[in-house]
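[1] Fold the following.
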Amino acid sequence: MLTVSRCSALVAFAGLASSALASPPLELVINSNIGLGAVPPDCTLGEVWNMAAGPFDNPRIDNQGRMLVSGQLDSATNPGGTVTTANRRVYIYGVPGNVRMIARDGQSGVAPNTFTSLNIANPNNWWHNTTTNGAGLVTFPTLSPNGTIFCASNLNGTGATTTNNTAFFTGTYDLATGTKTLAVVAQRGVVPTGGIAPGTVGALWNTNMSLSTSQYGVNDAGQVVFQSSLTGGDVSGTTNNDGLWIGKPGDVRMLMRKGQIAPANVGDSTLLMDAAPTFGMFVNQNGEAYWVSKYRAATGTGATAATLNVNQNAMFTTMGGTLQQVLRQGQQIPSMSTGVIANTGSVAPFSHVNGGFTNTGKILMHCQVSGPGIIAGTNDRTILQYENGTWTTRVQSGVTSTGIAGVEFLNFNTSNSRANNRGSLLLAANLTGPGVTSGVDDMGHFLQKANGELTLIYRRGSLLNLPGLPADAVIVDGISSQAGVGLNNLNQVVWNISVQSSEWGTAPNNFRPAVFAWTPKDGLMLVAVGGAGTNNQFVNDLGSDASQLTIFPSTNGGGGCAGFADSGWLVMRATDGFQHQAIYRTMLPSCVGDYDVNGAVDGDDVIAFFADWDAAKTDADANKDGAVDGDDVISFFGAWDQGC
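    Have a look, this model is predicted:
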């Protein structure tokens, strides 16, 4: 039964009560303005942050509040002197008061180095830069929920060529001791032994292994799902020349290979797999994988041929330990009326929901459907859920109630919808109906819990009525313009978006960048707002106020958000008009005792907690130390006894 929070629906029109929670405090982790004393950590040659290129990229954070970000250095008095394109990229990791540089271009794989803390081991002991002395380390290292680091690099040294100099790594860094366990998962031409791809007979990796880590996730065990083309060995032309693998240091195995027979649950031994995907592969904490791929359109004699845009696309998973097809284009949707199928008139009838591959065996996907009773542009957009062979239609445009009179779901934004391990779904929705004005109030975010309960988080054009903002402040941007939106396992929501107020001038000069959050305990709150004279903390840390606020809660392994932790930690980058930047973290208020996240602390939370604790599920890691043990029972009951 679908229910809607009446209070949340009223927020869309009346704004929040004046008793809304004040903004949580921001903690400065690192900044770049040398005029305010900002010095890159672990540098002794007068290096400063590179202001021309932008010093910091998008930061990540884990459950313990440890921040990871990539940055670029420059020379203070002689740009291009002690710092060059071959040694300026760095990785910064830490917490306020203890920030370290843990990797740098131009450093070799073993000691002795300028800084031994910068070593990232590789079998050749090569340097981290390209054969042309350009940048080696990739731009976006990332983190698992409990702090496993995933990064990649181009390498340089004696014998390095474009066929053996790219690799990616996973491991950890201990801030207290400086101990680093980062090690190679795969290196083209080198790792595993000789660069031979597991699951093949002598075939070699034939793809750049300096992975774009922003497109991949890593779980706490250090496992990554990745694709590569193949050459040599048992490769036969283009019939079997790529595949998909999952791996961690010392343990890489094949998941699928082009040309292999379709999974057994398809029931067609003559249908063959086509090329592996080059992005959109996901891993959960159980080491299971999920991806979208295709069947072969043209095959040999006696083989089944899939038809482009009819039945070629399919979703696959290794849940349960075996490769299986989840859904195929043109297939009946089990949870919908007879004849309703995954649309055959589209190249990509379905796509993943960010965070929609959970540790608890759920897969959530966007799917465009067609068939009897389906009208294109009216009720053909759905989000489906698959769990242990059971299908559920979580939402459908034109069918699922929004709970707001005269308002229906038109469609769902595939980039800014999210799911979590509790089975909750954050809908970034476009709205339609007689109660909707295009360009004014036609977009919004809704949180749907696993039981179907729907809550409006915010609606475009709503009066915010929040501490720290003018009384007439409203969100006017649409969901499609958002650079970041996140949902964690506490059912907390964050997003960055522009806010408008007449107190800031007249349009188009009265917009300010802002970051907002919503929690089940406290509702909507302002995290931060930038703009001329609106935030003294930014002025103090940057030298002038922030003109841009950025969060990056991308999906990581284990069903989490790399920039917005399940413990409530959020990391944010602030930039002023002079390209000075600062990285902040903040902890959103949460209620650990409300384990089932229904707004009440009662006996149901105890039952739900112990069900997950007995099964050693990561949600039961109440103290977020990476282990499910007796300490979590103590932490949970400590919060439960206090009523939160």
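[2] all contacts plus neighbour counts: C-alpha atoms, from now on.
    Noted.
[3] where do the strands sit along the stretch 201-350 of the chain?
    For the stretch 201-350 of the chain, the strands identified by DSSP state E, counting those that start in this stretch occupy 204-205, 224-231, 242-248, 251-257, 282-283, 289-294, 313-317, 324-328, 341-342, 350-357, in order along the chain.
[4] and the ones you listed, which is most packed in?
    When neighbours are counted by mean count of other CA atoms under 10 Å, the highest per-stretch mean among the strands of the stretch 201-350 of the chain falls to strand 282-283, a mean of 30.
[5] who does that one pair up with?
    In the sheet, strand 282-283 lines up against strand 289-294 (antiparallel) (DSSP bridges).
[6] Give me the neighbour count for the closest residue to Asn598 other than its chain neighbours.
    Closest residue in space to Asn598, ignoring its immediate chain neighbours: Pro520 at 7.5 Å, by CA to CA, 6 or more residues apart in numbering. Close neighbours of Pro520, defined as other CA atoms under 10 Å, add up to 19.
[7] quick one, phi psi at Asn502?
    For the record, residue 502 is Ser, not Asn. phi -70, psi -20 (degrees, to the nearest 10).
[8] Pull the number of nearby residues for Ser335.
    By the measure other CA under 10 Å, the count of residues near Ser335 is 15.
[9] go on, Ala53?
    Ala53 is surrounded by 12 other residues when neighbours are defined as other CA under 10 Å.
[10] What distance do you get for it to Val90?
    Using CA to CA, to the nearest Å, we find Ala53 at a distance of 13 Å from Val90.
[11] what touches both of these two?
    The contact sets of Ala53 and Val90 overlap at Gln72 (CA atoms under 8 Å, 6 or more residues apart in numbering).
[12] quick one: low-confidence parts of the stretch 451-600 of the chain?
    For the stretch 451-600 of the chain, the stretches flagged by pLDDT under 70 are 478-483, 532-535, 557-560, 599.
[13] quick one: the strands in it?
    454-459, 474-475, 485-487, 493-500, 511-519, 523-529, 546-550, 569-576, 581-587.
[14] same for the fourth one, what does it pack against?
    Judged by 3 or more CA pairs under 8 Å, 6 or more residues apart in numbering; DSSP states H and E, the packing partners of strand 493-500 are strand 474-475, strand 485-487, strand 511-519.
[15] nearest to Trp126, of those strands?
    Distances from Trp126 to each of these were compared by CA to CA, and the smallest falls on strand 485-487, at 37.6 Å.
[16] Name the strands paired with that closest one and say parallel or antiparallel.
    Next to strand 485-487 in the sheet, as set by DSSP bridges, lie strand 493-500 (antiparallel).
[17] what angle separates the partner strand from strand 569-576?
    Compare the direction of strand 493-500 with that of strand 569-576 by axes from the mean of the first three to the mean of the last three CA atoms, to 10 degrees and you get 30 degrees.
[18] Quick one: mean pLDDT over stretch 96-112.
    pLDDT averaged over stretch 96-112 equals 78, rounded to a whole number.
[19] Confidence-wise, which of the strands of the stretch 201-350 of the chain is weakest overall?
    Averaging pLDDT over each of these puts strand 350-357 lowest, since it has a mean of 88.
[20] before we move on, back to that, the strands of the stretch 451-600 of the chain into TSV, with extra columns for mean neighbour count and distance to Ala611?
    Written out in TSV, the entries for the strands of the stretch 451-600 of the chain read as follows (neighbours: other CA atoms under 10 Å; distance: least, CA to CA, whole Å):
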stretch	mean neighbour count	distance to Ala611
strand 454-459	24	24
strand 474-475	22	40
strand 485-487	30	23
strand 493-500	23	25
strand 511-519	21	24
strand 523-529	23	27
strand 546-550	24	37
strand 569-576	25	25
strand 581-587	23	27
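[21] As TSV, these with distance to Thr402 would be great.
    Shown next, in TSV, are these (distance: least, CA to CA, whole Å):
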stretch	distance to Thr402
strand 454-459	8
strand 474-475	19
strand 485-487	20
strand 493-500	18
strand 511-519	18
strand 523-529	18
strand 546-550	29
strand 569-576	29
strand 581-587	30
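[22] Quick one: closest of those strands to Ile149.
    Closest to Ile149 of the strands of the stretch 451-600 of the chain is strand 569-576 (CA to CA; 16.1 Å).
[23] What lies in contact with the closest one?
    Contacts made with strand 569-576 from outside it, assessed by CA under 8 Å, 6+ apart, are listed as 58-65, 67, 538, 542, 544-552, 563-564, 581-588.
[24] so which strand or helix has Thr393?
    Mapping Thr393 onto the secondary structure by DSSP states H and E places it in strand 390-396.
[25] Heading C-terminal from that strand, find the next helix or strand.
    Stepping forward along the backbone from strand 390-396, the first helix or strand reached (DSSP H and E) is strand 408-412.
[26] Distance from that following strand to the middle of the chain?
    Strand 408-412 has its C-alpha centroid displaced from the chain centroid by 24 Å (CA atoms, centre = their mean, to the nearest Å).
[27] ok and it relative to strand 390-396, angle-wise?
    Using the same axes, to 10 degrees: strand 408-412 against strand 390-396 is 110 degrees.
[28] what's the average pLDDT for strand 408-412?
    Averaged across strand 408-412, the pLDDT comes to 94.
[29] Keeping just the C-alphas, turn that strand into CSV.
    Output of strand 408-412 as CSV, limited to C-alpha atoms (Å, rounded to 0.1, in the frame of the first residue of the first chain):
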residue,chain,number,x,y,z
GLU,A,408,1.3,13.1,-11.6
PHE,A,409,4.8,11.7,-12.4
LEU,A,410,5.8,12.4,-16.0
ASN,A,411,9.1,10.7,-16.0
PHE,A,412,12.2,10.0,-13.8
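[30] now the strands: where do they sit in the stretch 1-150 of the chain?
    In order along the chain, the stretch 1-150 of the chain carries the following strands (DSSP E, counting those that start in this stretch): 27-31, 47-49, 60-61, 67-75, 89-95, 98-104, 142-143, 149-154.
[31] what about those, which gets the closest to Ala405?
    Nearest of the strands of the stretch 1-150 of the chain to Ala405, taken as CA to CA: strand 60-61 at 39.6 Å.
[32] I'd like the mean pLDDT over that closest one, please.
    Average pLDDT, strand 60-61: 94.
[33] so what does it touch, helix or strand wise?
    strand 67-75, strand 142-143, strand 569-576.
[34] Quickly run through the sheet partners of it, with directions.
    As assigned by DSSP bridges, strand 60-61 forms pairs with strand 67-75 (antiparallel).
[35] Excluding its own residues, what touches the strand it pairs with? List them.
    Identification of contacts with strand 67-75 by CA under 8 Å, 6+ apart yields 29, 40, 46-50, 53-61, 80-84, 88-95, 139-143, 571.
[36] who touches Val628 in this structure?
    Taking CA under 8 Å, 6+ apart as the definition of contact, the neighbours of Val628 are Trp613, Ala616, Lys617, Thr618, Ala620, Asp621, Ala622.
[37] from those, which ones fall inside helices?
    Per DSSP state H, helices hold the following members of those: Trp613.
[38] List buried residues within the contacts of Val628.
    Members of the contacts of Val628 that pass the buried threshold by neighbour count (16 or more other CA atoms under 10 Å) are listed as Trp613, Lys617, Thr618, Ala620, Asp621, Ala622.
[39] Give me the phi and psi angles of the spatially closest residue to the last one that is not a sequence neighbour.
    In space, Ala622 comes closest to Asp632 once its chain neighbours are excluded; the distance is 4.8 Å by CA to CA, 6+ apart. Phi and psi for Asp632, reported as degrees, to the nearest 10, are phi -70, psi -30.
[40] wouldn't Asp632 be in contact with Asp621 here?
    Yes - using CA atoms under 8 Å, Asp632 is in contact with Asp621, at 5.7 Å.
[41] wait, doesn't Thr130 sit right on Leu137?
    No - counting by CA under 8 Å, Thr130 does not reach Leu137; the two are 9.1 Å apart.
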